[in-house]
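Student: structure, please.
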Amino acid sequence: MTDRVSRIVFMGSPQFAVPSLHALAAAGHELVMAVTQPDRPAGRGGRLHPPPVKVAAEGLGIPVFQPETLRDAPTYERLRAAEADVFVVAAYGKILPQAVLGIPRRGCLNVHASLLPKWRGPSPIVASILAGEDLTGVSIMELVRKMDAGPVISRIEVPILSDDSAASLEPRLAALGAEELVRVLPGWVAGERIPRAQDEAEATYCHLIAKHDGWLRAEMTAAGAERAVRAFNPWPGAFVMYGEHRLSVWQARVASGEPAPAGTLQVIEKAPAIALAEGWLVLEEVQRPGGKRLSAAQFIAGERGNLLPEAGLG
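Tutor: Below you'll find the predicted structure:
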């Protein structure tokens, strides 16, 4: 298999994409441009923050391009001028139109954090944890017009541990994807590695996560709520309403106990616990608005042992 160096335009935005960018650079590929989302306001002050890929690219001396849209003539012209062999995409955050997909000489590759065709879409890591799966992975695939439906060049598996959150699983998948990307890229560019079409009958889909998705719902089982706590850590964060305020839940576990109406609060094993179907959700780490994260013991001490009778569920 050839070790041919490719001329690459890299397209990515969040931290998940950074290991792939670094891996391509370390492998000696010619990174002519990093395309990433525009700087966005964040935090209480609304100060503009650059995407992690922008920071990483500037550190590597790679020119950065931050178009507001991929659907105008100036953007097409700049991408064509790069004269790339391949566009490598990793969590860029925008769907590439056909006019962009057709620009690079060899085509476009994507690093996707699931075992395709399972969990096509923008939140595969969250979806795999929510579903209670014990196995996930990374797929290296060719991009086509339909989201995450292109032929797969390589899939590599990794277990989901019982205490994995999105915060712990994502960096493992990012590192795995970066390693696999640089391993298969030269052979694919040379036409020596042939992608395989996905089985459409096995495709499943996930949606873009919104802030309100973190609100634990009354119809959840205790085990489902525990998975939601892990899946939505770090964003948007699982929460319930405690009185008039949002109470974030960062760690939780399932316990048995006498059945009670969903949302009932009581102390179980010296920790606040919420009744749900098929058990109780014991809150091991919580956070009030504007406050620090508190252990179960610290939270109960702050309430002087007198919990409200119920938590507000979605």
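Student: can you find the helix or strand in the chain with the smallest mean pLDDT?
Tutor: Lowest by mean pLDDT, DSSP states H and E among the helices and strands of the chain is strand 40-42, with a mean of 86.
Student: strand partners (parallel or antiparallel) of that one?
Tutor: Note on strand 40-42: by DSSP bridges, its sheet partners are strand 47-49 (antiparallel).
Student: related to what we said a few turns ago, from the chain's centroid, how far away is the least confident helix or strand of the chain?
Tutor: When distances are taken as C-alpha atoms, centre = their mean, to the nearest Å, strand 40-42 is centred 19 Å away from the chain's centroid.
Student: wasn't residue 18 part of a strand?
Tutor: No - under DSSP: H, G, I helix; E, B strand; the rest coil, residue 18 falls outside any strand and is assigned helix.
Student: gap between it and residue 63?
Tutor: Separation of residue 18 from residue 63 (C-beta to C-beta, to the nearest Å): 17 Å. C-beta here means a position set from N, CA and C on the backbone, and glycine is covered the same way.
Student: more crowded one of those two?
Tutor: Set residue 18 next to residue 63 and count neighbours by other C-beta atoms under 10 Å: residue 18 wins out with 23 against 13.
Student: now the more buried one: closest residue in space, sequence neighbours ignored.
Tutor: Distances taken as C-beta to C-beta, 6 or more residues apart in numbering put residue 56 closest to residue 18, at 4.7 Å, once the chain neighbours are dropped.
Student: secondary structure class for that neighbour?
Tutor: Secondary structure for residue 56, judged by three-state DSSP, is helix.
Student: may I see the buried residues of the least confident helix or strand of the chain?
Tutor: Residues of strand 40-42 classed as buried: none (neighbour count, 16 or more other C-beta atoms under 10 Å).
Student: same question, stretch 60-72
Tutor: So, applying 16+ other C-beta under 10 Å, buried residues of stretch 60-72: 62, 64-65, 67, 70.
Student: could you find the closest non-adjacent residue to residue 261?
Tutor: Distance criterion C-beta to C-beta, 6+ apart; nearest residue to residue 261, sequence neighbours excluded, is residue 275 at 6.4 Å.
Student: what helix or strand is the one you found on?
Tutor: strand 271-276 (DSSP states H and E).
Student: so what secondary structure elements neighbour the next helix or strand after that strand?
Tutor: Counting by DSSP H and E, the next helix or strand C-terminal to strand 271-276 is strand 279-287. On a contact count with 3 or more C-beta pairs under 8 Å, 6 or more residues apart in numbering; DSSP states H and E, strand 279-287 meets helix 222-231, strand 245-255, strand 271-276, strand 293-295, helix 296-302.
Student: could you chop this structure up by domain?
Tutor: With domains defined by automatic domain parsing, the chain comprises 7-202, 211-302.
Student: could those be laid out in JSON lines, adding distance to residue 314?
Tutor: Formatted as JSON lines, the entries for those read as follows, by distance: least, C-beta to C-beta, whole Å:
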{"stretch": "domain 7-202", "distance to residue 314": "14"}
{"stretch": "domain 211-302", "distance to residue 314": "4"}
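Student: could you list the low-confidence segments of the chain?
Tutor: 1-3 (pLDDT under 70).
Student: for the lengthiest helix in it, which positions count as buried?
Tutor: Counting by DSSP state H, the longest helix found in the chain is helix 166-189. Neighbour-count burial for helix 166-189, with 16+ other C-beta under 10 Å as criterion, is recorded at 166, 169-170, 172-178, 180-189.
Student: now do the helices in the stretch 51-200 of the chain.
Tutor: All helices of the stretch 51-200 of the chain, identified by DSSP state H, counting those that start in this stretch, fall at 52-60, 73-81, 98-101, 124-130, 166-189.
Student: find the nearest non-adjacent residue to residue 310, please.
Tutor: Closest to residue 310 by C-beta to C-beta, 6+ apart is residue 263, at 4.5 Å.
Student: repeat that for residue 142.
Tutor: residue 150 (4.1 Å).
Student: please tell me I have it right and the one you found contacts residue 141.
Tutor: Yes - assessed by C-beta atoms under 8 Å, residue 150 is found in contact with residue 141 at 4.8 Å.
Student: so what sits against both of those two?
Tutor: Shared contacts of residue 150 and residue 141 (C-beta atoms under 8 Å, 6 or more residues apart in numbering): 110, 195.
Student: if the nearest residue to residue 284 once chain neighbours are set aside is in a bridge, with which residues?
Tutor: Among residues not flanking residue 284 along the chain, residue 251 sits closest, at 4.2 Å (C-beta to C-beta, 6+ apart). Here residue 251 sits in beta bridges with residue 285, as judged by DSSP bridges.
Student: for residue 137, list the residues it contacts.
Tutor: 114-115, 155-158, 173, 176.
Student: rewinding a little: which other helices and strands does the longest helix of the chain contact?
Tutor: Judged by 3+ C-beta pairs under 8 Å, 6+ apart, helix 166-189 is in contact with helix 18-26, strand 86-90, strand 107-112, helix 124-130, strand 135-142, strand 152-159.
Student: all good on my end, thank you.
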